[in-house]
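Q: Here is my input; please provide its structure:
(4 chains)
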Number of protein chains: 2
Amino acid sequence: MMSITIQDIAELAKVSKGTVSRVLNGGPGVGVETRKRILKLIDELDYQPNASAQGLAAKRSNNIGVIIPHTGGYSMSTTYWPTLLTAITEKAADQDYNVLLSTARSKEDVDSAYRTILKGKRIDGLIVGAEQFGEKQWADLLLKDFPFVMVGKSMSLPHYYVDVDNVGGSRRMTEHLIDLGHQKITMLAGPEDLLSVRSRVRGFKEAMSKAHLDPERVTYTTYQTEDAEKTTLQILQKDPPTALFIAAGDLVLGALEAARKRKTTIPDQLALVSFDDHPFYPYLSPSITAVKQPIHDLGQAAVDMLFMLMNKNTPEKKQILPVEIVVRGSSKVAR
Amino acid sequence: MMSITIQDIAELAKVSKGTVSRVLNGGPGVGVETRKRILKLIDELDYQPNASAQGLAAKRSNNIGVIIPHTGGYSMSTTYWPTLLTAITEKAADQDYNVLLSTARSKEDVDSAYRTILKGKRIDGLIVGAEQFGEKQWADLLLKDFPFVMVGKSMSLPHYYVDVDNVGGSRRMTEHLIDLGHQKITMLAGPEDLLSVRSRVRGFKEAMSKAHLDPERVTYTTYQTEDAEKTTLQILQKDPPTALFIAAGDLVLGALEAARKRKTTIPDQLALVSFDDHPFYPYLSPSITAVKQPIHDLGQAAVDMLFMLMNKNTPEKKQILPVEIVVRGSSKVAR
DNA sequence: CTGAAAGCGCTAACAC
DNA sequence: GTGTTAGCGCTTTCAG
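A: Got it, this is the predicted structure:
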């Protein structure tokens, strides 16, 4: 049951392991006839070099690591991470790289996740969500000059990153609501400590201020559906707006439930829009107006950037992708 | 910038590499004092053994592979694969295993995906969707006695697998519709060549026959949303049922769109139920009645089974998990 | 253009 | 209990 090795190929081709290794790595300095003969053998015997041996000798794994949050239901009401992961995996495959996945249930977990995977030299580069990352790991990576890119900007951890235009998208969506005639617009935002949240809040405030409307109508909540619901309920009770801008897809289900419980009709009594689109939005009643993020492109951009770093090239420090406003039934003219 | 190696630890602890290796692997035959000293050093220096070296010497990678379909939008209207992947990754992490992801855009792609990952000895075991698998790979794995488990039963490729109770779930959901008084019930099913589809059709037919209703009201379609829509449109035109049983989550969006275009009201003119639940179903209007699969448990079961195989134990040949009927607003009494 | 040989960092006998 | 040593399968100088 022994696997076939480079030695076997070498013997059959009547050359040395070194020569086989050269053709394996597409290196120069092999006669065209010899190369052809070896290639044929490799193909016939369906030979695949042992990754561990290659990794050990060449000091690379041909894997890139991805650390994403796997916190229960969190990721599931949103297609963000699955889509991103798909894009990353596909793009990596183009360069013969596989994706090594690491789960991170909690912030603390990131550290152990990240350690084995990285320090064990299982990966040659890393893509990590800015919000799943701690200062300790970041400093460590930087120190050892390990190639990594962050998905999403981090304020405290400056590094190469890809992101969508949170501020601009948020501003434009707010303007959309203002154009519709809304004056009392409230933003339901995620946790205030996240930069993505702050950026979206900023876009909101910019648009509101410019229109001479109250820019302080922002309420923060966690990404738990129950919290989102509770917070929305409070908003609707205390000082009901005519339009609600939900700053993240993770909050939509909670907000919808709150609206339902209050018997608030959308869009008549309340216009409702969301940051982050979802395949189901067109099918909800009413269909949901949303800021659509180019998630797939984002994943690809992250991989592109990572490979540049891995190849010691110098990519742009950041890449910001534009978003799109998709107007649907949930946003309509204010009463 | 050299990493620290087992040799460094050995020298500092004034022992040999062998001893360090023993404590690394939790092996016996190390003095309690010595072990403590080495452990302390490992911790202090934050040493992690080089995975490639370990893999090469011990002939294992500490990775398991997962091959899932990554065909564009397909997976995104369903939480099936993301949830499964999460469960797998978490459960694998418990055993210090990482997940190596392989993308498969098409059936042909599976082969290349599977080859590098597997023949390169990057993984010690494999979890693969039954429907993403070819006879060639299957035979190859079997031949070399490589541990793998399939998610979903395959008719042509008998092997260890985990699955949900497709037949039973489908039967019970059909009975639910019958109990509601429906007599003209149509099943919108996925591609007929998939065993999961056939099983769901079987459950449907069993229930229909038992109730002396027409069991042949089954229409097959592909998992493309447009096809699902077109097919549903035809169903609604030709011979409209009072209840539509959508046999897979991937078809729901298309069916809903068709109903909307025909101005068919749910559930009044048409009861609509689905196999496979989704976080959005409770929030659609009406909320969608569904067969809820224990996807997370399914992933865990797959990992459990795989580890048993990897450890040369003999698990049950299959593990079938029960499903749950979640009744919501889209299914109500027939007119 | 090709061969020979020295490792890469670890594990697993086998000694003592 | 602990040290020694022979590889694991590959890459990469260095010769020739």
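Q: Which residue ranges of the stretch 201-335 of chain A form strands?
A: A:218-220, A:243-246, A:271-275, A:289-292, A:318-321, A:324-326 (DSSP state E, counting those that start in this stretch).
Q: scratch that, the stretch 1-150 of chain A
A: Going by DSSP E, counting those that start in this stretch, the stretch 1-150 of chain A shows strands at A:63-69, A:98-104, A:125-129, A:148-151.
Q: I'd like those laid out as CSV, including mean pLDDT and distance to chain B.
A: Any C-beta I mention is one placed from the backbone N, CA and C, and that applies to glycine too. Shown next, in CSV, are those (pLDDT from 0 to 100; distance: least, Cβ to the nearest Cβ, whole Å):
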stretch, mean pLDDT, distance to chain B
strand A:63-69, 87, 7
strand A:98-104, 83, 4
strand A:125-129, 93, 12
strand A:148-151, 95, 16
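Q: for the strands of the stretch 201-335 of chain A, which one sits closest to DNA strand D?
A: strand A:318-321 (29.9 Å; Cβ to the nearest atom of the strand).
Q: Show me which residues of the closest one are buried.
A: A:319, A:320 (16 or more other Cβ atoms under 10 Å in any protein chain shown).
Q: contacting residues around it?
A: By Cβ atoms under 8 Å, 6 or more residues apart in numbering or on different chains, the residues outside strand A:318-321 that reach it are A:153, A:160-165, A:293-294, A:297-298, A:301, A:305.
Q: Which of the helices and strands in chain A ranks last by mean pLDDT?
A: helix A:107-119 (a mean of 73; mean pLDDT, DSSP states H and E).
Q: Would you mind listing what in chain A touches DNA strand D?
A: A:2-3, A:5-7, A:17-18, A:20-22, A:24-25, A:49-50, A:53-54, A:56-58 (Cβ under 7 Å from any atom of the strand).
Q: buried subset of these?
A: Buried subset of the residues of chain A next to DNA strand D (neighbour count, 16+ other Cβ under 10 Å): A:6, A:20, A:21, A:22, A:24, A:49, A:50, A:53, A:54, A:56.
Q: how about low-confidence regions in the stretch 51-200 of chain A?
A: For the stretch 51-200 of chain A, applying pLDDT under 70 flags the ranges A:70-75, A:104-110.
Q: if we go to 80?
A: A:68-77, A:103-116, A:131-133 (pLDDT under 80).
Q: which residues in it form helices?
A: A:51-58, A:80-94, A:107-119, A:135-143, A:166-179, A:195-210 (DSSP state H, counting those that start in this stretch).
Q: is chain B contacted by the second one?
A: Just to be clear, that refers to helix A:80-94. Yes - judged by Cβ under 8 Å from any Cβ of the partner chain, helix A:80-94 and chain B are in contact via A:81, A:82, A:83, A:85, A:86, A:89, A:90, A:93.
Q: so which of the strands of the stretch 1-150 of chain A gets nearest residue B:129?
A: Smallest distance to residue B:129 across the strands of the stretch 1-150 of chain A (Cβ to Cβ): 16.2 Å, for strand A:98-104.
Q: So what touches the closest one?
A: Contacts for strand A:98-104 (Cβ under 8 Å, 6+ apart): A:62-71, A:85, A:88-89, A:92, A:109-110, A:113-114, A:117, A:122-123, A:132, B:63, B:85-86, B:89-90, B:93, B:98-103, B:116-117, B:122.
Q: Which ones, among the residues you listed, also lie beside DNA strand C?
A: Applying Cβ under 7 Å from any atom of the strand to the contacts of strand A:98-104, none is adjacent to DNA strand C.
Q: Would you list the phi and psi of the most far-flung residue of chain A relative to its centre?
A: Distance from the centre of chain A peaks at residue A:14, with 48.9 Å (Cα atoms, centre = their mean). Backbone torsions of residue A:14, given as degrees, to the nearest 10, read phi 60, psi 50.
Q: Tell me the confidence at it?
A: Residue A:14 is assigned a predicted lDDT (pLDDT) of 95.
Q: residues contacting it?
A: By Cβ under 8 Å, 6+ apart, residue A:14 has no neighbours at all.
Q: CA atoms of stretch A:17-24 as CSV?
A: Provided in CSV are the C-alpha atoms of stretch A:17-24 (Å, rounded to 0.1, in the frame of the first residue of the first chain):
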residue,chain,number,x,y,z
LYS,A,17,15.3,12.7,-8.0
GLY,A,18,16.7,16.2,-8.5
THR,A,19,15.7,16.2,-12.2
VAL,A,20,12.2,15.0,-11.4
SER,A,21,11.9,17.7,-8.7
ARG,A,22,12.9,20.3,-11.3
VAL,A,23,10.1,19.3,-13.7
LEU,A,24,7.7,19.1,-10.8
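Q: So which residues make contact with that stretch?
A: So stretch A:17-24 is in contact with A:6-7, A:9-10, A:13, A:27-30, A:34-35, A:38-39, A:42, A:49, going by Cβ under 8 Å, 6+ apart.
Q: Give me the PyMOL select line for those, limited to the buried ones.
A: One line in PyMOL is enough to select the buried members of those, burial here meaning 16+ other Cβ under 10 Å:
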select buried, chain A and resi 6+9+10+13+30+34+35+38+39+42+49
